[in-house]
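In: dropping the sequence and predicted coords here.
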Amino acid sequence: MTQDLLKTPLYDAHVAFGARMVDFAGWSMPVVYTGIIEEHVHTRTACSVFDVSHMGRLVLRGPDVERFLDRLCTRNLKGAEIGRSYYSHMCREDGGILDDVIVSRFEDHFLVVCNASNRGKIVGWLNRHAAGTGITIDDRTMQTAMLAIQGPRTMELAQQLVPVDLGSLKRYRFTTAEYLGMRFDIFRSGYTGEDGIEVVCPATAVQMFLPLLVGQKDKPHPVIRFAGLGARDTLRIEAAMPLYGHELTEAWDSLTSGQAWCVDLTKEFIGAAAMRLLKERGLARQMTGLALEGKRIARQHAAVYAGDAQVGEVTSGTLSPTLGSSLAMALIDSAALARQDAAFTVEIGGARVAAKVTPLPFYKRK
């Protein structure tokens, strides 16, 4: 690991709790603590804490900032409600996806959360389009920390730590609380398919707050545990949540990625014309769920066949700890999917493994 990797405010805690640290988008991040499967199951059944401080946090202010973001985002942000967050994409003119973002409307500003690997690109994109508008983009990533607390016991346990009513907080809404005079923004959202919250706070506050959440290495919390990037990935695949660089990329558009629900083609935004044309012509490829025979894992770029013809490739795959089966998301030719007699296989290690088209998501919490 090189010395120039960025470190989140939780870095020392990760090391103290025995995490294996890896380079992720230029950050030193925990990939696993006790085991990916163990951390995955604990998140599905109890409560886990994920450090997501590497993700970009950008504060936008200025005249007509709502209209500005509405033009850059696929989601309709006109009349965005104070206290609400919106999942969206930012795209090029040709529809290629620059990033997927969460846009949150505060009373006097907007917060845009973007992927760590795309932070520089998105800051540049926003500044380019903000030139001459009076809109300011303040990158608060290094001054703040961000935690995702996920699992069926999250709301019960988190309520014991914060002086606000979390029970009344709806999905994709947020509220603000204070702890020792410092501000905490609490969002009911996450990236695991479970209920939970995400918390943004000053970087200096997290060291005081963290022992209340996870305890100490020699006296850990009896229920709340750290989880790493490995479990975060298996959890999000089960829930069919897209990952930039896998299901989302500049090489294709939001509709092809299977995320049409966050695209409003009735409004004007950068990339709208290209996507309207794609919809009119029909999508050449579609994001599809596959259930594979056996236990072998289909990795990204694994070829998908219908008979002897390659008709697509895997974008993400895993052996699901929850369902006990090999699952994959894949980009497949629409013509092949339309054939009633199509028999799909995925090439793994030089062998073809039978695969059946299955609806997404693979897992839904009860």
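Out: That came in fine, so what should we check first?

In: domains in this structure, by residue range?
Out: Under automatic domain parsing, the residue ranges defining each domain of the chain are 6-52+142-237, 56-139, 284-366.

In: mean confidence for the helix or strand hosting residue 280?
Out: Taking DSSP states H and E as the criterion, residue 280 maps to helix 272-281. Helix 272-281 shows a mean pLDDT of 98.

In: now for that helix, which elements pack on it?
Out: Packing partners of helix 272-281 (3 or more CB pairs under 8 Å, 6 or more residues apart in numbering; DSSP states H and E): none among the helices and strands. (Glycine included, C-beta is placed from N, CA and C.)

In: please report how far the nearest residue to residue 90 once chain neighbours are set aside lies from residue 129.
Out: Nearest residue to residue 90 in three dimensions, chain neighbours excluded: residue 98, at 4.6 Å (CB to CB, 6 or more residues apart in numbering). In this structure, residue 98 and residue 129 are 12 Å apart, going by CB to CB, to the nearest Å.

In: looking at those two, which is more packed in?
Out: Taking residue 98 and residue 129 together and counting by other CB atoms under 10 Å, residue 98 has the greater number of neighbours (23 against 17).

In: that one: which element?
Out: Element membership of residue 98 [criterion: DSSP H and E] is strand 97-105.

In: for residue 88, same thing?
Out: Taking DSSP H and E as the definition, one finds residue 88 inside strand 85-91.

In: gap between that strand and the chain center?
Out: 11 Å (CA atoms, centre = their mean, to the nearest Å).

In: likewise stretch 81-97?
Out: Relative to the mean C-alpha coordinate of its chain, stretch 81-97 is positioned 13 Å out (CA atoms, centre = their mean).

In: just the endpoints, please. Distance across that stretch?
Out: Terminal residues of stretch 81-97 are spaced 25 Å apart (CA to CA, to the nearest Å).

In: show me what counts as buried in it.
Out: By neighbour count, with 16 or more other CB atoms under 10 Å as the criterion, the buried positions of stretch 81-97 are 83, 85-91, 95-97.

In: between which two of those is the distance greatest?
Out: Of all pairs drawn from the buried residues of stretch 81-97, the one with the largest separation by CB to CB is 83 and 96; the distance is 31.9 Å.

In: can you give me the neighbour number for residue 349?
Out: Burial of residue 349 is recorded as 8 neighbouring residues (other CB under 10 Å).
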